[in-house]
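*Asks:* below is the sequence, then the predicted model.
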Amino acid sequence: MIIDTDPAMGTLQTDPEDGMAILYALNSPEVTLDGITLVHGNVPISQSWPNAEHLLSLAGRSDVPLHAGAAVPRSGARLRQRAWLEQRAGMDRLAPSAPTPDSTAVEFLVDAVCGSSGEVTVVAIGPLTNIADAIESDPRFARDLAGLVVMGGAAAVPGNVTPAAEFNIWMDPESADVVFRSGASITMVGLDVCHRTRFPQAQVDALSGKATPLAEFVAAASTSWNGMRELLFDSEGMHLYDTLAVAAAVEPDLLTYQRALVEIETSAGPAQGMTVTHLNDLLRQLLSDQEPNTDVALDVDVDRFTQRFVQRVLEPL
């Protein structure tokens with residue numbers, strides 16, 4: 001497995017849940033985590049690099065390779081998305097600062113996937129810029145993936161950053177369009193299932209008794225974000241978006257899927273970043289000349305996933 005991510009665990013008042021997903025992979029006996037590639041998203045690369053480095057150090061897994069990737073969306077016209085990154089560049093931090101190295105993510109992705117055809121699953125839990133760049137860098141990449149699990153999109157529910165769009169797709173619709181048109185074996189783990197998961201503050205508070213540096217780091221980051229969530233959304237605790245995507249890659253039968261055509265809205269209008277999901281297959285056949293391209297997650301065994309989350313993320317802290 002390779003995780004492509006925008007980890008904000010280590011930056012205050014931002015969503016730290018990518019860090020949970022990394023810990024889930026590290027603690028899954030079925031997984032060999034070959035590396036982590038970083039992309040803009042929740043925070044700029046200048047923050048996600050030290051965040052990821054600090055998390056791996058606290059987890060005792062500094063052996064996992066890190067590779068910096070795309071720092072901005074591919075279109076210079078995505079001014080709101082670029083402004084989002086600029087606004088977060090100076091936010092207060094839990095993780096120590098560290099210089100960001102040169103970008104090597106695309107080279108690493110292509111070498112790993114094309115060098116082990118059909119063996120490497122990529123779990124993309126941030127904007128899809130690195131993945132699109134890898135697809136365009138080498139025509140073998142999409143074909144040689146064992147699978148691409150995307151945390152992104154919304155099939156039959158509203159978005160979470162606009163009424164139409166989920167955040168990861170909204171941050172770079174042009175790259176998402178490249179990915180969904182690529183022919184890769186894609187599984188979309190979107191808001192339809194992710195919004196059924198929770199990590200409530202009561203569980204966060206329970207970490208205080210562990211008093212390990214990693215538990216303290218996770219608790220501080222989660223408490224900061226849950227406080228911000230109360231202002232923006234609700235007080236029921238964060239959703240486990242990215243962790244569910246990693247769990248789906250490890251145990252696909254945690255979720256129920258429908259094969260569907262997914263198209264990306266790349267306009268500059270209010271629906272930008274929408275994942276237009278053709279769940280009515282008869283209408284797709286009548287109105288479109290395109291075939292289904294994605295396994296779309298529409299249901300999840302919440303109890304089983306929650307048990308896995310406790311076993312693989314919370315208990316080892």
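*Replies:* Looks like it came in fine. Numbers count the residues shown, from 1 in each chain.
*Asks:* now do the same end-to-end measure for stretch 29-41.
*Replies:* By C-alpha to C-alpha, to the nearest Å, the extent of stretch 29-41 from end to end equals 29 Å.
*Asks:* buried residues in that stretch?
*Replies:* Within stretch 29-41, the residues scored as buried using 16 or more other C-beta atoms under 10 Å are 31, 33, 34, 35, 36, 37, 38, 39, 40, 41. Glycine gets a C-beta too; all of them are placed from N, C-alpha and C.
*Asks:* and for stretch 71-79?
*Replies:* Buried positions in stretch 71-79, judged by neighbour count with 16+ other C-beta under 10 Å: 71, 72, 73, 74, 78.
*Asks:* before we move on, what about stretch 131-138?
*Replies:* 131, 132, 133, 134, 135, 138.
*Asks:* separation between the fifth one and residue 213?
*Replies:* For residue 135, the distance to residue 213 equals 38 Å [C-beta to C-beta, to the nearest Å].
*Asks:* quick one: residues contacting residue 123.
*Replies:* For residue 123, the contacting residues are 1, 2, 3, 4, 21, 25, 149, 151, 245, 246, 249, by C-beta atoms under 8 Å, 6 or more residues apart in numbering.
*Asks:* tell me the first helix or strand C-terminal of the strand or helix carrying the fourth one.
*Replies:* When elements are assigned from DSSP states H and E, residue 4 belongs to strand 2-5. Next helix or strand after strand 2-5 toward the C-terminus (DSSP H and E): helix 17-26.
*Asks:* could you give the mean pLDDT of stretch 45-59?
*Replies:* Average pLDDT, stretch 45-59: 97.
*Asks:* and the longest strand for the protein?
*Replies:* What stands out as the longest strand in the chain, according to DSSP state E, is strand 255-264.
*Asks:* buried stuff in that strand?
*Replies:* Buried, per 16+ other C-beta under 10 Å, within strand 255-264: 255, 257, 258, 260, 261, 262, 263, 264.
*Asks:* strand partners of that strand, parallel vs antiparallel please.
*Replies:* Sheet pairing here is set by DSSP bridges, and for strand 255-264 it gives strand 275-278 (antiparallel), strand 294-300 (antiparallel).
*Asks:* work out for me the element the nearest residue to residue 17 once chain neighbours are set aside sits within.
*Replies:* What sits nearest to residue 17 in space, not counting adjacent residues and going by C-beta to C-beta, 6 or more residues apart in numbering, is residue 242, at 5.3 Å. Assessed by DSSP H and E, residue 242 sits inside helix 241-250.
*Asks:* state the mean pLDDT of that helix.
*Replies:* Mean pLDDT, helix 241-250: 98.
*Asks:* which residues in the protein form strands?
*Replies:* Counting by DSSP E, the chain has strands at residues 2-5, 35-38, 66-68, 121-124, 147-151, 186-189, 255-264, 275-278, 294-300.
*Asks:* which residues sit against the third one?
*Replies:* Counting by C-beta under 8 Å, 6+ apart, strand 66-68 makes contact with 35-38, 45, 49, 52-53, 56, 100-105, 107-109, all of which sit outside it.
*Asks:* what of the last one?
*Replies:* Judged by C-beta under 8 Å, 6+ apart, the contacts made with strand 294-300 from elsewhere in the structure are 155-156, 180, 186-190, 192-193, 196-197, 244, 248, 254-262, 277, 279.
*Asks:* can you dump the C-alpha atoms of the lengthiest helix in the chain in PDB for me?
*Replies:* Assignment by DSSP state H gives helix 213-232 as the longest helix of the chain. Output of helix 213-232 as PDB, limited to C-alpha atoms (Å, rounded to 0.1, in the frame of the first residue of the first chain):
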ATOM      1  CA  PRO A 213       3.600  11.000  23.500                       C
ATOM      2  CA  LEU A 214       1.700   9.600  20.600                       C
ATOM      3  CA  ALA A 215      -1.600   9.400  22.500                       C
ATOM      4  CA  GLU A 216      -1.100  13.000  23.700                       C
ATOM      5  CA  PHE A 217      -0.400  14.200  20.200                       C
ATOM      6  CA  VAL A 218      -3.500  12.500  18.800                       C
ATOM      7  CA  ALA A 219      -5.700  13.800  21.600                       C
ATOM      8  CA  ALA A 220      -4.400  17.400  21.400                       C
ATOM      9  CA  ALA A 221      -4.900  17.500  17.600                       C
ATOM     10  CA  SER A 222      -8.400  15.900  17.800                       C
ATOM     11  CA  THR A 223      -9.600  18.200  20.600                       C
ATOM     12  CA  SER A 224      -8.500  21.200  18.700                       C
ATOM     13  CA  TRP A 225     -10.400  20.100  15.600                       C
ATOM     14  CA  ASN A 226     -13.500  19.000  17.400                       C
ATOM     15  CA  GLY A 227     -13.700  22.500  18.900                       C
ATOM     16  CA  MET A 228     -13.500  24.000  15.400                       C
ATOM     17  CA  ARG A 229     -16.100  21.500  14.200                       C
ATOM     18  CA  GLU A 230     -18.600  22.700  16.800                       C
ATOM     19  CA  LEU A 231     -18.500  26.200  15.200                       C
ATOM     20  CA  LEU A 232     -18.800  24.800  11.600                       C
END
